[in-house]
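> Fold the following and give me the result.
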Amino acid sequence: MTISVRQARPGDHDALALVGAATFLESYAGVVDGGAIIRHCAERHTPEVYAQALETPGHALWLAEQDPGAAPVGYLHLTAPDLPVETRADDLEIKRIYVLASLHRSGLGRRFLDAAIDHAVAVSAKRLLLGVYKNNTRALAFYDRMGFEKIGVRQFDVGGRIYDDWVLALTV
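Coordinates of the predicted model:
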């Protein structure tokens, strides 16, 4: 099995929407309300949402594909920060970083984080920020191992239901 990671480009919107919805469902089924997951994915993981992100300056996306066949198995989305904490001009937000559950502990999450760090350095960002659900122990453990620190809290809307997230930061 070979998994490649590349920067996403125009035309990747369908693959990003598919892996976005699939990984969100895998991550939160049985954790948050099922109807809220469906609504969230129908609103935020559509081809149109990803096509717009691919065309918007300041957004950068990466796509992981498994061979043979280049099936989408994970993705990374970076943006300017939109978090309810004090931010600086040299901050960059990891809006989303998701990998299919079958590839957890494969090193793919670390490859995405390395891509985020490389991109941050290339655009002169000094800090990566992200929000993660307070009860997502697997993700919190990963970010802790990678050196992220808690700097705040936000409320995150998933299909009309509000959940508490930690806001984490990593100096790069």
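> contacting residues around the spatially most central residue of the chain?
Centroid-nearest residue in the chain: Arg96, 1.3 Å away (criterion: CA atoms, centre = their mean). Taking CB atoms under 8 Å, 6 or more residues apart in numbering as the contact definition, Arg96 lies against Gly20, Tyr75, Leu76, His77. All C-beta spots, glycine's among them, are computed from the backbone N, C-alpha and C.
> Tell me which other helices or strands the particular helix or strand that has the third one in it touches.
I take that to be Leu76. For Leu76, the host element (DSSP states H and E) is strand 71-79. With contacts defined as 3 or more CB pairs under 8 Å, 6 or more residues apart in numbering; DSSP states H and E, the secondary structure elements packing on strand 71-79 are helix 13-28, strand 60-67, strand 91-99, helix 108-122.
> partner strands of the helix or strand Val167 falls within, parallel or antiparallel?
Taking DSSP H and E as the definition, one finds Val167 inside strand 161-171. Paired strands of strand 161-171, with direction, are strand 127-133 (antiparallel), strand 149-158 (antiparallel) (DSSP bridges).
> just the CA coordinates of that strand, formatted as PDB?
Included here for strand 161-171 are C-alpha records, laid out as PDB according to Å, rounded to 0.1, in the frame of the first residue of the first chain:
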ATOM      1  CA  ARG A 161     -25.700  21.600  17.900                       C
ATOM      2  CA  ILE A 162     -22.900  23.300  19.900                       C
ATOM      3  CA  TYR A 163     -19.900  21.400  21.200                       C
ATOM      4  CA  ASP A 164     -16.900  22.700  23.200                       C
ATOM      5  CA  ASP A 165     -13.500  22.500  21.500                       C
ATOM      6  CA  TRP A 166     -10.000  23.200  22.900                       C
ATOM      7  CA  VAL A 167      -8.000  25.700  20.900                       C
ATOM      8  CA  LEU A 168      -4.400  24.500  20.600                       C
ATOM      9  CA  ALA A 169      -1.200  26.200  19.400                       C
ATOM     10  CA  LEU A 170       2.200  25.100  18.200                       C
ATOM     11  CA  THR A 171       5.100  27.400  17.700                       C
END
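> could we number from 322 for the rest of this?
Yes, from this point I'll number from 322; that puts the last item at strand 482-492.
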